[in-house]
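In: sequence plus predicted model, see below.
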Amino acid sequence: MSQNLMLSKLVEAVNERAKGRLSMRISGEDVPVGRFMPPDQAGEGDLSFLTDPRYAEAMKASRAAALVLREKDAAGVFGETLPARTILICDNPYAFFAFASQVFYPVKRNPGIHPRAYVEDGAEVDPTATVDVFAVVRRGAKIGPRALISSGVVVGENCEVGADTIIYPNAVLYEGTVVGEGGCIQSGAVLGGDGFGFAPFRGEWVKIPQRGRTVLGNEVEIGANTTVDRGALEDTVVGEGTKLDNQVQIGHNDRIGRHCVMASCVGIAGSTTVGDHVMIGGAAMINGHITIPSGSGVGPATAITGWGKEPAEQMGFFPALSKREFMLSASITARLPEMRRDLKRLEKEVEQLRALIRKEEAKEA
Amino acid sequence: MSQNLMLSKLVEAVNERAKGRLSMRISGEDVPVGRFMPPDQAGEGDLSFLTDPRYAEAMKASRAAALVLREKDAAGVFGETLPARTILICDNPYAFFAFASQVFYPVKRNPGIHPRAYVEDGAEVDPTATVDVFAVVRRGAKIGPRALISSGVVVGENCEVGADTIIYPNAVLYEGTVVGEGGCIQSGAVLGGDGFGFAPFRGEWVKIPQRGRTVLGNEVEIGANTTVDRGALEDTVVGEGTKLDNQVQIGHNDRIGRHCVMASCVGIAGSTTVGDHVMIGGAAMINGHITIPSGSGVGPATAITGWGKEPAEQMGFFPALSKREFMLSASITARLPEMRRDLKRLEKEVEQLRALIRKEEAKEA
Amino acid sequence: MSQNLMLSKLVEAVNERAKGRLSMRISGEDVPVGRFMPPDQAGEGDLSFLTDPRYAEAMKASRAAALVLREKDAAGVFGETLPARTILICDNPYAFFAFASQVFYPVKRNPGIHPRAYVEDGAEVDPTATVDVFAVVRRGAKIGPRALISSGVVVGENCEVGADTIIYPNAVLYEGTVVGEGGCIQSGAVLGGDGFGFAPFRGEWVKIPQRGRTVLGNEVEIGANTTVDRGALEDTVVGEGTKLDNQVQIGHNDRIGRHCVMASCVGIAGSTTVGDHVMIGGAAMINGHITIPSGSGVGPATAITGWGKEPAEQMGFFPALSKREFMLSASITARLPEMRRDLKRLEKEVEQLRALIRKEEAKEA
């Protein structure tokens, strides 16, 4: 599976991936490590990390080769003086776990063009890139260093695939699609398919050729069977660092910001703008021609038909009930306007009754 | 991108695509044109079209080689007498834009069977059709004139693909699937997969072989990763001119009418009939064994569990709220029956109180 | 299409598939049969089966070569003494129909490795298995007896595909995926894609390599374009006999039980456990980290965010209304808390009024 390396080497490799933004300091002896394990199962060659102080005891008792924890948690677990054992003090152990796992489990590549791949004349494939058996790369396409084009992938004319990007089997990039560096496109994803644009004509629908492209920034993840349509005239854009889960649909002309996260089965209609750092729950549905401000959140299974100017967290789905309760409640939703009118009327009537009674009391007094 | 051609030639080409149903008349000199641009950005070789009278001024000031507008809009923009410049009077400028764009940007084809495609003995491929590298066409399949079978597409035994139809990479047509003329099947679409049919047997599910086919009429569009299952015994049918967006699911035995439009992520369970000219919003869910009359509409994210005899527009989803508001409102939905009972009881009580007060008043009087 | 065989031979073949659990007895002469037809259309070589006693008359009048029905229904149709014609008495005619149809319409296989398939050194393909043109089988993968790996399918390293399993064109099995025996994977399905796991780091998302596998039990059906992600550390599991329709999404670490049924477009987030014999309606959405007990049911288009300890049937979606009614009702959902407060207040006020009136009456008396 993975190969052991010295903790100091791992820290170097993680530092490179984190672009120097992760603080890491080894306390104690340098040791070989090769994987992460829960503290109570860890032994020689294993790392354990702490994110939840409730597991301090397990951490203390762990036989892991090295422990990863925050400075303040280290003090909480071991007191003022760190023990002689190997400890990596790190300001974000969970991010360290992610980066280090990438080092332990690199995606396998076998650089070169497989003799049974099909690379058209006029395509540029970096010599360190992989084009696997039955993959297709069309003329004008550029495949960057260390990129992986797996079996059955079709990279259309004039596409660009950035350095280190991985495209898993049977994904399709239509003509002109751009995928940035460090991206990951899962199997069955379709990038750059025609946007859904038709002109009404005598009760029929006339297809409008879609001339824009699909353009993904660096470090974008596209889930399995997710679809990102090309724009009608301008491009459909997914910003740097954004992660889309499986079976997400992004419509034509959408502009998705940076570092967003969308869970599976989200659908976004066309010409919608999503800001940066927006999080969208699974199976949410977003209408077209909307702008969702940066930093907003959308709950799961929520239908969004509009948005104000401000970032916010929106949510809405009919709560699941027992079938019997649902039948009763559901039948009433259509009568809500009637209920509201009845309630208002009743309020007035009670007010009138009170006035009558006051009048009676006044008379008597 | 596109090649310039004389406006008169373009009109001829559009007329052919519109089957003579679009009224077009050139006023002024014949000019070469090659693309559409917004009126304020258009220049030599460019067309601009007007659909919204609010843009009349921009149209008037435009330096476009030719303008496309309705007769009455032309009068509105230029008054009684048209200027000397080139104007195309057309009764549907937007449809003209769509048809003309098809002329400007034809889908590239490279007729012939690629030496590394796989066409089985007994398949019939028209000599003007394209079967691209790594495409598969099985025995008994018929590929019509100018049809395009892209890389990685699998056309099963005895399938039919009509003239001019385009099938994008990695789509799959199971055995016996029929696609009409002028169709467009986006990547990853699966036509003719097994319908979901199982017989219950001692707590298990026994698969029922699905013997019907998937049959699409002419001019049908199937979006990326959309699935249209084959019928159990009879065929699943999608009518002429119907357009399905990405990730739509059509169940077995469904009969979808002509010139319908379904936005992305719509799911239709089995044995449902949808009439002609029905429009269904994104992520709507339609139960099985329902009939939706011609001309009906379904809103986005709407669950349809039944329908009357008449065409109608149905809609329903829990409105998105702020998370806090949602939590409050959602918790009450289960109490709607209770609230309704309370309201009815209160109405009666207020009625009784009023009667009592009236009695009091009567006594006093 | 199908070939006729003697009813007694069919019963033998069905008995084998039903593992002896179906009771079948032929009354009358053995006859050749080759397909099922409705009783009023059936003739020589045809079988008709009865599940609904309302069709007893049609059954009696049918010219089918053989009739299939329950013992008690046979008595209902024919009275005490069965007629001389051929009748198959069976305790589950519908299951018999399913099993017998499997015999009539076997999936075509053409055993052997196609010369233009790609089977890597170190893969084990049973000599009775099929690997079709342009399919890929990687090193370490094991393909069982009579399994069918169709065109464009990619079977990753160290995958296992059990005996008799059928994988339709362009499905993808990532490294290490296990599919049991007798399974059926429809086109475009993606098994073992990366789970959606990221660590937050300075406003960005760091990918966590997904090290678990996707493991399917025997007799599992996976619909077209359905996705089942690999686990983060442990495996994602789908139990024996479970059937997933098209475009279903199963998140990482999910554990789906045995003999479940999920209709199309269902999405299940990660780390959720679904018991045995659970039925989930189309487009239902299940949150992560939930346990749904065996025997439970979920309605269509229902969002599940939690569950008690007991099996139950849950349902919930906003009922579809006419567009006008919906606009009115929807606007009130946000005011439900206010309405509830008003109602409670009104109840108190009415109570007070009644008290006042009683006091008046008491005074007068």
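Out: Here it is on my side, so go on. Residues are numbered from 1 along each chain as shown, chains lettered A, B, ... in the order given.
In: what's the angle from the biggest helix by length in chain A to helix B:336-364?
Out: For chain A, the longest helix by residue count, based on DSSP state H, is helix A:336-364. Interaxial angle, helix A:336-364 versus helix B:336-364 (axes from the mean of the first three to the mean of the last three C-alpha atoms, to 10 degrees): 30 degrees.
In: so how far is helix A:336-364 from its chain's centroid?
Out: Mean C-alpha position of helix A:336-364 versus that of the full chain (C-alpha atoms, centre = their mean, to the nearest Å) differs by 55 Å.
In: do that helix and chain C meet at all?
Out: Yes - using C-beta under 8 Å from any C-beta of the partner chain, helix A:336-364 comes into contact with chain C via A:336-337, A:339-340, A:343, A:346-347, A:350, A:353-354, A:357, A:360-361, A:364. The way it works is simple: take the backbone N, C-alpha and C, and place the C-beta from them, glycine included.
In: tell me the mean pLDDT for that helix?
Out: Here helix A:336-364 scores 88 as its mean pLDDT.
In: what helices and strands are in contact with it?
Out: Helices and strands touching helix A:336-364, by 3 or more C-beta pairs under 8 Å, 6 or more residues apart in numbering or on different chains; DSSP states H and E, are helix B:336-364, helix C:323-333, helix C:336-364.
In: could you dump the shortest one to CSV, C-alpha only?
Out: Extracted C-alpha coordinates of helix C:323-333, given in CSV (Å, rounded to 0.1, in the frame of the first residue of the first chain):
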residue,chain,number,x,y,z
LYS,C,323,-49.4,27.7,-9.3
ARG,C,324,-51.7,30.3,-7.8
GLU,C,325,-52.6,28.1,-4.7
PHE,C,326,-49.0,27.3,-4.2
MET,C,327,-47.9,30.9,-4.2
LEU,C,328,-50.5,31.6,-1.5
SER,C,329,-49.8,28.6,0.6
ALA,C,330,-46.0,28.9,0.3
SER,C,331,-46.0,32.5,1.5
ILE,C,332,-47.7,31.3,4.7
THR,C,333,-45.2,28.6,5.7
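In: that helix: how far from the chain's middle?
Out: 35 Å.
In: how much does that helix deviate in direction from helix B:323-333?
Out: Going by the same axes, to 10 degrees, helix C:323-333 is angled at 110 degrees with respect to helix B:323-333.
In: and helix C:323-333, what's buried?
Out: Buried residues in helix C:323-333, defined by neighbour count with 16 or more other C-beta atoms under 10 Å in any protein chain shown: C:Glu325, C:Phe326, C:Ser329, C:Ala330, C:Ile332, C:Thr333.
In: can it be found next to chain A?
Out: Yes - against chain A, helix C:323-333 shows contacts by C-beta under 8 Å from any C-beta at C:Glu325, C:Leu328, C:Ser329, C:Ile332, C:Thr333.
In: contact partners for the first one?
Out: The neighbours of C:Glu325, taking C-beta atoms under 8 Å, 6 or more residues apart in numbering or on different chains as the test, are A:Ala334, A:Pro337.
In: hang on, isn't A:Gly76 packed against A:Arg54?
Out: No - with contacts counted by C-beta atoms under 8 Å, A:Gly76 stays clear of A:Arg54, the gap being 10.8 Å.
In: counting neighbours, go ahead and name the busier of the two.
Out: Between A:Gly76 and A:Arg54, counting by other C-beta atoms under 10 Å in any protein chain shown, A:Gly76 is the more crowded of the two (14 against 7).
In: can you tell me the SS state at that one?
Out: Look at A:Gly76: counting by DSSP: H, G, I helix; E, B strand; the rest coil, its state is helix.
In: so for it, what's the pLDDT?
Out: We have a pLDDT of 91 for A:Gly76.
In: which residues touch it?
Out: By C-beta under 8 Å, 6+ apart, A:Gly76 lies in contact with A:Pro53, A:Ala56.
In: apply 10 Å and report the result again.
Out: The contact partners of A:Gly76, by C-beta atoms under 10 Å, 6 or more residues apart in numbering or on different chains, come to A:Leu50, A:Pro53, A:Ala56, A:Met59, A:Leu69, A:Arg70.
In: ok, now A:Pro111?
Out: A:Val125, A:Asp126, A:Pro127, A:Thr128, A:Ala129, A:Thr130, A:Val131, A:Pro145, A:Arg146, A:Ala147, A:Leu148.
In: redo that, cut-off 8 Å
Out: By C-beta under 8 Å, 6+ apart, the contact list for A:Pro111 reads A:Pro127, A:Thr128, A:Ala129, A:Thr130, A:Arg146.
In: how near is A:Phe97 to chain C?
Out: Distance from A:Phe97 to chain C, counting by C-beta to the nearest C-beta, to the nearest Å: 7 Å.
In: just give me the neighbour total for that residue.
Out: 21.
In: ok, and the closest non-adjacent residue to it?
Out: In space, and not counting its chain neighbours, A:Phe97 is closest to A:Phe49: 5.2 Å by C-beta to C-beta, 6 or more residues apart in numbering or on different chains.
In: that neighbour: how many residues sit nearby?
Out: By other C-beta under 10 Å, 24 other residues sit near A:Phe49.
In: over to A:Glu310?
Out: 8.
In: over to A:Pro115?
Out: Neighbours around A:Pro115, by other C-beta under 10 Å: 6.
In: then the one 4 residues further on?
Out: A:Val119: 20 surrounding residues under other C-beta under 10 Å.
In: what's the neighbour count on the closest residue to A:Gly162 other than its chain neighbours?
Out: Of all residues not flanking A:Gly162 in the chain, A:Glu181 sits nearest, at 3.5 Å (C-beta to C-beta, 6+ apart). Using other C-beta under 10 Å, A:Glu181 is surrounded by 18 other residues.
In: brilliant, that's me finished.
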